[in-house]
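>>> need a structure here:
(6 chains)
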Protein chains: 4
Amino acid sequence: MVTDKRTHIMERAIELFAEKGFEGASVRDLATQADVNIAMVNYYFGTKEGLFQQIVETRMATTRDKIEEIAANKTLSEIEKVDLIIELYVEGFLSQPGFHKMIQQEMLVTKREGMHEKLINTFIQNTNNFNSIIEKGIRKKVFTKVDAPLVFATIIGTVNQILKSKIVCNVFAGYNKNYDPYKDEQFKKRLITHIKQLIHSHLLNK
Amino acid sequence: MVTDKRTHIMERAIELFAEKGFEGASVRDLATQADVNIAMVNYYFGTKEGLFQQIVETRMATTRDKIEEIAANKTLSEIEKVDLIIELYVEGFLSQPGFHKMIQQEMLVTKREGMHEKLINTFIQNTNNFNSIIEKGIRKKVFTKVDAPLVFATIIGTVNQILKSKIVCNVFAGYNKNYDPYKDEQFKKRLITHIKQLIHSHLLNK
Amino acid sequence: MVTDKRTHIMERAIELFAEKGFEGASVRDLATQADVNIAMVNYYFGTKEGLFQQIVETRMATTRDKIEEIAANKTLSEIEKVDLIIELYVEGFLSQPGFHKMIQQEMLVTKREGMHEKLINTFIQNTNNFNSIIEKGIRKKVFTKVDAPLVFATIIGTVNQILKSKIVCNVFAGYNKNYDPYKDEQFKKRLITHIKQLIHSHLLNK
Amino acid sequence: MVTDKRTHIMERAIELFAEKGFEGASVRDLATQADVNIAMVNYYFGTKEGLFQQIVETRMATTRDKIEEIAANKTLSEIEKVDLIIELYVEGFLSQPGFHKMIQQEMLVTKREGMHEKLINTFIQNTNNFNSIIEKGIRKKVFTKVDAPLVFATIIGTVNQILKSKIVCNVFAGYNKNYDPYKDEQFKKRLITHIKQLIHSHLLNK
DNA sequence: AATGAATGAGGATTCATTCAT
DNA sequence: TATGAATGAATCCTCATTCAT
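Below is the predicted model:
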């Protein structure tokens, strides 16, 4: 029951942080949205920042571990690994758009140092894992000599760009204003296809 | 003299908004940073939001107009236009990192509707201009059949991803923690090269 | 206990609003006078205007209901009803001078539309109830043909005029400057007598 | 030209003070309404309070002098004097409703001592002049023994009550909501008739 | 004589947090 | 464990006023 309430608060908080930003979302808002007492946030998470950190720590670990797993896998070729990572990011981001918008906002801001650093470190780990895959491919001569970290920036950046605004996204996709493209399987496939083709022609270019 | 003070406030505000976000940057902060009286912000811009909008309107117009100019130019080939746009974004974003971080933050947030909408509209214009270039190239058969709006998302998204964090960027680039990669000509060239190669091999893929 | 604090704030606020006017009384003042934290006013009443409205709604209802009761009473003659209303106003106003000064001020000002309207509506109800008594008396030929609403204006206006200033009132009454005439039983009787004689000779004039 | 501008500011200020109260009307408002520079109010009148005092001093003298003149007149009977004073007040108040609303507000407020005292003194003078007329009438046995200062309070109070709200006034008078009763000659006559009849039957009651 | 720019004090309100229960 | 009341600090903004020109 306790865990339920904690989790419930965290889930509602993600949506609110995504929508209004960390500063823009007040603890009162959070409590109202989660239908709990105002004091609950401080009671469970100490501070508003504590709530944010809890969310980040709980969720970011998943993606990081999956990437590590892919990188370490010995039965997959390099291009297969890259493809898996692309799928991982597109699927992960589109299925949790609120969380990833929240993360993006926090990465843009240097105010809250503690939180910022934690994000950065996780991100650097992911980058390094990705780089090592690419560089191995280059050494094996299955990949062209590319700028590995910038390739990673392209993948993440493209998905993040899509996440920025449903409205812009719908303009791309030709849907109407109030449609939710993130829940559309067709759109997900389209995005994966785009990134894969882009990265393939870049990596496998002769 | 009047213009000077206004401009001065706007310039300092860009840095602060970039650093702390719109809500995170207080009017007190803004005034202190710009070394003016607290009441000056309201005196010149009415409200804090008014200041933000003034900044956005003044600066976003430039990029939008340049893209429109490139799109309308009749002496350039399609691939030349794409290249110019890539250069425009990399140079524009790296030379005004604060402003573009600020814009990114605001695009992620749906709280302040008026501001959000203005940003979105300008962004849609840019997307449409880019799309028309790509589609013309496709009709002329100089470009492969690609997903034009997603190509645009890739370009913008990659540069934005770089802007997210100097620290991450330095990890990519192999520089030390406190270096400013945005002011480094080498890094700029490297970024332009990456994006051009990526997009070229995608668009011109046989 | 909660009710106590709320009520306490309202009571002190009445005095302060009466003394300085709605705009003239700052929330800081109110909090200091009531010996509570500045945030308490907003905590209990939402806004300063909310506090005012709460006061008005709580107190005005009493007088309005009493007048309605008098008007509806079937055992009283018309002149008895008029006399009761005169006593009601004199006693009500002299026993809560602060509140009625506050109401007078607000009726003079058209700035805060919502509050103004509420006051006006209650006042119109009272006027109508009074009118119906007078008109019945006229139909029954116990009253001269008089201008009923203006008679009501005279009654209220006379008491309000007395309330305007203790000092002026003391000049009338022959008391010294710092005396409180509103608490003086003699003065109350004198005022009731004056109004009754005035209205009687007007209504019962042959 | 200077006098014109001063007068112009004062006229607009009366309307604004009447509408919003002294505190409710900002110097910015005043300047905008009068279509002059913000600094002009302070330039001409020193302070906002100075402007108010100038208005009061300029206008209140007129009524006071007229009453003094009536009181001193040796060719008029007492009842004629009373009638003239009634007419004077009704006409004066209805022709300058803004100014008299402003005065009423200020009399209700004890905040600004200097201004308050000046008003009170003038008012006491008027009361004394009126009293002396009534008392002479009583001595001459043309008037019943009445409570002279309260009779004066009734006259002033009735007219002030009418001034409180156009809306209420229109409810009395049977006009529609947006009509201006103060400019209606019929209504003025009706008000004068009411007060005269009221006071006559009171003073001349046998 | 007249003004636009500038200011510091103070306005109402909201904030995240704490505490007694 | 859970909460409603309470708080002091901070929020944005407006105020009347001043001053250099």
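
>>> mind checking how far the residue nearest in space to the middle of chain A is from residue A:156?
The residue lying closest to the centre of chain A (C-alpha atoms, centre = their mean) is residue A:100, at 4.3 Å. In this structure, residue A:100 and residue A:156 are 10 Å apart, going by C-beta to C-beta, to the nearest Å. Glycine gets a C-beta too; all of them are placed from N, C-alpha and C.

>>> Then residue A:193?
17 Å.

>>> more crowded one of the two?
residue A:156 (24 against 14; other C-beta atoms under 10 Å in any protein chain shown).

>>> And the more buried one, which helix or strand is it part of?
Element membership for residue A:156, per DSSP states H and E: helix A:148-164.

>>> now check that helix, is it near chain B?
Yes. Counting by C-beta under 8 Å from any C-beta of the partner chain, chain B has neighbours in helix A:148-164: A:149-151, A:153-154, A:156-162, A:164.

>>> Averaged pLDDT, that helix. What do you get?
Helix A:148-164 shows a mean pLDDT of 95.

>>> Show the pLDDT at the residue nearest to the residue nearest to the centre of chain A when sequence neighbours are not counted.
Counting by C-beta to C-beta, 6 or more residues apart in numbering or on different chains, the nearest residue to residue A:100 once its immediate chain neighbours are dropped is residue A:93, at 4.8 Å. Note on residue A:93: pLDDT of 95.

>>> Taking their axis directions, the one helix or strand residue A:93 maps to and helix A:148-164 sit at what angle?
For residue A:93, the host element (DSSP H and E) is helix A:78-95. Interaxial angle, helix A:78-95 versus helix A:148-164 (axes from the mean of the first three to the mean of the last three C-alpha atoms, to 10 degrees): 30 degrees.

>>> Following element in sequence after helix A:78-95, please.
Going down the chain from helix A:78-95, the next helix or strand is helix A:97-108, by DSSP H and E.

>>> How far does that next one sit from its chain's centre?
How far helix A:97-108 lies from its chain's middle: 7 Å, per C-alpha atoms, centre = their mean, to the nearest Å.

>>> Just the CA trace of that helix, in PDB.
Provided in PDB are the C-alpha atoms of helix A:97-108 (Å, rounded to 0.1, in the frame of the first residue of the first chain):
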ATOM      1  CA  PRO A  97       7.400  10.400 -23.300                       C
ATOM      2  CA  GLY A  98       6.700  12.300 -20.000                       C
ATOM      3  CA  PHE A  99       9.700  10.900 -18.300                       C
ATOM      4  CA  HIS A 100      12.000  11.600 -21.200                       C
ATOM      5  CA  LYS A 101      10.800  15.100 -21.600                       C
ATOM      6  CA  MET A 102      11.500  15.600 -17.900                       C
ATOM      7  CA  ILE A 103      15.000  14.300 -18.300                       C
ATOM      8  CA  GLN A 104      15.600  16.500 -21.300                       C
ATOM      9  CA  GLN A 105      14.500  19.600 -19.400                       C
ATOM     10  CA  GLU A 106      16.800  18.700 -16.500                       C
ATOM     11  CA  MET A 107      19.800  18.200 -18.800                       C
ATOM     12  CA  LEU A 108      19.300  21.600 -20.200                       C
END
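
>>> List of residues touching it?
A:14-15, A:17-19, A:21-22, A:52, A:55-56, A:59-60, A:92-93, A:112, A:115-116, A:119-120, A:123, A:160, A:163-164, A:182, B:18, B:21, B:101, B:104-105, B:108-109, B:164-165 (C-beta atoms under 8 Å, 6 or more residues apart in numbering or on different chains).

>>> Stretch A:138-146 too?
By C-beta under 8 Å, 6+ apart, stretch A:138-146 touches A:77-79, A:134, A:137, A:148, A:202-206, B:194, B:197.

>>> now stretch A:23-35
Contacts for stretch A:23-35 (C-beta under 8 Å, 6+ apart): A:8-9, A:12-13, A:15-17, A:19-20, A:37-38, A:40-42, A:48, A:51, B:21-24, B:109, B:111.

>>> So which of these sit within helices?
Mapping the contacts of stretch A:23-35 onto helices (DSSP state H) picks out A:8-9, A:12-13, A:15-17, A:19-20, A:38, A:40-42, A:48, A:51.

>>> Can you select the buried ones among these for me in ChimeraX?
Here is the ChimeraX command that selects the buried residues among the ones in helices among the contacts of stretch A:23-35 (16 or more other C-beta atoms under 10 Å in any protein chain shown):
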select /A:9,12,13,15,16,17,19,20,40,41,48,51
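
>>> closest to chain D among the ones in helices among the contacts of stretch A:23-35?
residue A:20 (32.7 Å; C-beta to the nearest C-beta).

>>> With adjacent residues omitted, what lies nearest to that closest one?
In space, and not counting its chain neighbours, residue A:20 is closest to residue B:111: 4.5 Å by C-beta to C-beta, 6+ apart.
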